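**Q** Model the structure of this input:
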Amino acid sequence: MTTEILIAIIVAAVVVLGGGAALLVRRSGRELPPPADLEEITEEQIKHPEHPEPHLEGDDEEAPFEETPADEREIAGPVTTLERPEEPRGRLVRLRARLARSQSSLGKGLLAVLGRSTLDDAAWEELEDTLLAADVGVGPTTELVDRLRTRVQVEGTKDPEVAKAALREELVTLVGPDLDRSLRSAGADGRPGVVLVVGVNGTGKTTTVGRLARVLVADDRSVVLGAADTFRAAAADQLQTWGERVGVETVRGPEGGDPASVGFESVKKGIEDGVDTVLVDTAGRLHTKTGLMDELGKVKRVIEKQAPVTEVLLVIDATTGQNGMTQARVFSEVVDVTGVVLTKLDGTAKGGIVVAVQRELGVPVKFVGLGEGADDLAPFDAEEFVDALLA
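**A** Here you go, the predicted structure:
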């Protein structure tokens, strides 16, 4: 009996080993993929361990997961881990201190003149020169100095603190506290508001679009981004990254494609999804290039086949001074600019461009950019600006 059991065990072992060997021969007899394919499979497993393990050709298992390349996607969806942007009003306190530091030379220059015991003709002329050097412009400067000089003379005050208080009031009046600086981000008849963002290269236009998305998301508004800057290779990727950080989808087209088409599809997507606002980034262009400026007009016309453009924001680099004013004039002739975003305002002491650009275009500065942080864009407030100027 013991012998029979031993024989049965030996037979079973032979069967098992034989089957395993056959399986091994079958596996080893199959040609392995080329080295490049093996590297791709390895990278796939490293990046996406949650996907099923890829199998060699001929197996019954599913083929390896292949992600669609980013440049072939039309719509980039949100990521799962989202940032919560800072509330827009909460930014003003932090940004005011930064603005006060950057504008200190202008404010100190004005206060130094008004702080003198005697305000003679030379003092008023120096005050005028200080304002002109800060890009306030000839007209607004003359207006401010005349009003302030008359007020001091009529009131007969020689107290520097009273003169400084008068300066603050006149500056606030000059900047325009009653201008409507709200962002027209809402549409009508069930369609989204459409915000078209324009400007020359290097002003921070695409970054401004991404920051505006954060402002709107912080205000609990739904947004779609349109990457209509198809001429700059990194623009669509940059905008998509901004969107992903706050869970906003980005509509994009092929590199070098028709920007008007991307704008059209972005608004179409916004209507289908029922979002509140569509933000469209346009290609940066030199204001001296007539053909490119005409293309910008086409983008706006094509977009409005889907929904009216509710806001056209012109992004201007505050450090460019009078060149920025030239840009403002040309852009306003091509598209109906409704508001201005001044970027890099903390990089210049020439805060007078706020007054000059408003006078030139007849539209308000609505946002200012200060710093490199994601939430370093704040709604413009006349009194906050003047207080920072004179801090």
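
**Q** how much space is there between the nearest residue to residue 119 once chain neighbours are set aside and residue 124?
**A** Excluding the flanking residues, the one nearest residue 119 by CB to CB, 6 or more residues apart in numbering is residue 152, at 6.5 Å. Where you see a C-beta, it was placed from the backbone N, CA and C, and this is true even at glycine. Going from residue 152 to residue 124 by CB to CB, to the nearest Å gives 9 Å.

**Q** so how many other residues sit close to residue 333?
**A** For residue 333, the neighbour count with other CB atoms under 10 Å is 12.

**Q** list the buried ones in the helix or strand it falls within?
**A** For residue 333, the enclosing helix or strand under DSSP states H and E is helix 322-334. Neighbour counts using 16 or more other CB atoms under 10 Å place 324, 325, 327, 328, 331, 332, 334 of helix 322-334 among the buried residues.

**Q** separation between the residue nearest to residue 119 and residue 109?
**A** Distance of residue 152 to residue 109, given as CB to CB: 18 Å.

**Q** got a list of contacts for the helix holding residue 333?
**A** 135, 198-200, 287-288, 293-294, 296-297, 314, 316-318, 320, 337, 340, 353, 356-357, 360-361 (CB atoms under 8 Å, 6 or more residues apart in numbering).

**Q** how about 10 Å then?
**A** 135, 137, 198-200, 203, 285-290, 292-297, 300, 312, 314-318, 320, 337-338, 340, 342, 350, 353, 356-363 (CB atoms under 10 Å, 6 or more residues apart in numbering).

**Q** returning to that earlier point: just to be sure, the residue nearest to residue 119 is in a helix?
**A** Yes: assessed with DSSP: H, G, I helix; E, B strand; the rest coil, residue 152 lies in a helix.

**Q** wait, it sits on residue 118?
**A** No: using CB atoms under 10 Å, residue 152 is not in contact with residue 118; the gap is 11.4 Å.

**Q** Just give me the neighbour total for residue 188.
**A** 10.

**Q** what ranges do the helices span in the chain?
**A** According to DSSP state H, the chain carries its helices in the segments 2-28, 35-47, 88-102, 104-114, 121-133, 138-155, 160-175, 205-218, 235-245, 259-273, 290-303, 322-334, 353-361, 382-389.

**Q** mind listing what's buried in the shortest one?
**A** The reference is to helix 382-389. Buried-residue list, helix 382-389, by 16+ other CB under 10 Å: 382, 384, 385, 386, 387, 388, 389.

**Q** Over to stretch 333-344?
**A** 334, 335, 337, 338, 339, 340, 341, 342, 343, 344.

**Q** surely the fourth one meets residue 310?
**A** Yes: taking CB under 10 Å as the contact criterion, residue 338 and residue 310 are neighbours in contact, 8.3 Å apart.

**Q** Need the overlap of contacts for those two.
**A** Taking CB under 10 Å, 6+ apart as the criterion, residue 338 and residue 310 both touch 183, 184, 195, 196.

**Q** got those as TSV, with pLDDT columns?
**A** What follows is those, written out as TSV (pLDDT from 0 to 100):
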residue	pLDDT
183	93
184	93
195	96
196	95
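
**Q** Just the buried ones out of the residues you listed, please.
**A** So, by 16+ other CB under 10 Å, the buried ones in those are 183, 184, 195, 196.

**Q** Verify the stated contact: the third one with residue 263.
**A** Think residue 195. No: the criterion here is CB under 10 Å, and residue 195 misses it with residue 263 at 11.4 Å.

**Q** Good, wrapping up.
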